[in-house]
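> No sequence on hand, only this structure:
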């Protein structure tokens, strides 16, 4: 079954403090139109939280990211807010420091490494950490203004730092598979990305298997890569066309692959 819809834009969320390449903030609402009702929400590729922070919060939330910097940042927000906020408020942001961090220098505390990751992500040009951007915006103020709302949204969530292949084994949802929904937003196959773990065809194949074997309803974001479309067809999965994404180099079609066809409301 093939469905189409258009991409729309809206106000940026007031809870996101992390700016990462490829996050779903701009198209989250459009994608959510195709989410089934659920009580338990699962997300194995959390990233900046572009989907999570832009959707109604489920009763139970299982979140994960293999990137240790992503995991450390959100753990510091939950467990060590005061120290991290103090560092954000007081540590000078200089081009020299940015370049040292961009070249791979790491700090000796979890809080400082969380600050390092925030600065590289939010001060990097186009969300990349190789060039410090100069703009009239104030990333430090934006981060500080949003921290409390971010913490409120993630404090009671279960947060893991695991490979997606191990994620479901860590989630204790008992016999409630019918009330579960998993949204997967992996590094897109065949694209350059800003993540520490790129995807190959074997990773995409394993992800399809992992999602199908989980027994829960799932939706996976991707481009219309021939391998992805072939896998969806062979597995009798539903493909929904979300819209076209383009830049100066190319155009690609954003799709959503699901193991359900009936479009339900987001929550009961």
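Perfect, thanks for sending it. Just so we're clear, the structure is a prediction, and the values are computed from it rather than from any experiment. Numbering: from 1, shown residues only.
> Could you report the pLDDT at residue 139?
pLDDT for residue 139: 86.
> can you pull the contacts of residue 107?
113, 115, 116 (CB atoms under 8 Å, 6 or more residues apart in numbering). In this view, the C-beta of every residue, glycine as well, is placed from N, C-alpha and C.
> ok now do the first one, which residues does it touch?
Read that as residue 113. The contact partners of residue 113, taken as CB under 8 Å, 6+ apart, are 69, 72, 106, 107.
> 10 Å instead?
By CB atoms under 10 Å, 6 or more residues apart in numbering, residue 113 lies in contact with 68, 69, 72, 73, 76, 101, 106, 107.
> what's the distance between the host helix or strand of the fifth one and the middle of its chain?
Assigned by DSSP states H and E, residue 76 belongs to helix 68-79. Mean C-alpha position of helix 68-79 versus that of the full chain (CA atoms, centre = their mean, to the nearest Å) differs by 14 Å.
> ok, then the element right after that helix?
Using DSSP H and E, the helix or strand that follows helix 68-79 in sequence is helix 81-90.
> Show me how the chain divides into domains.
Annotated domains of the chain cover 2-66+155-258, 71-140 [automatic domain parsing].
> Could I get the ones you listed in JSON lines, plus columns for distance to residue 146?
Output for these, formatted as JSON lines (distance: least, CB to CB, whole Å):
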{"stretch": "domain 2-66+155-258", "distance to residue 146": "5"}
{"stretch": "domain 71-140", "distance to residue 146": "11"}
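> highest average neighbour count across those?
Most buried of the domains of the chain by mean neighbour count (mean count of other CB atoms under 10 Å) is domain 2-66+155-258; its value is a mean of 17.
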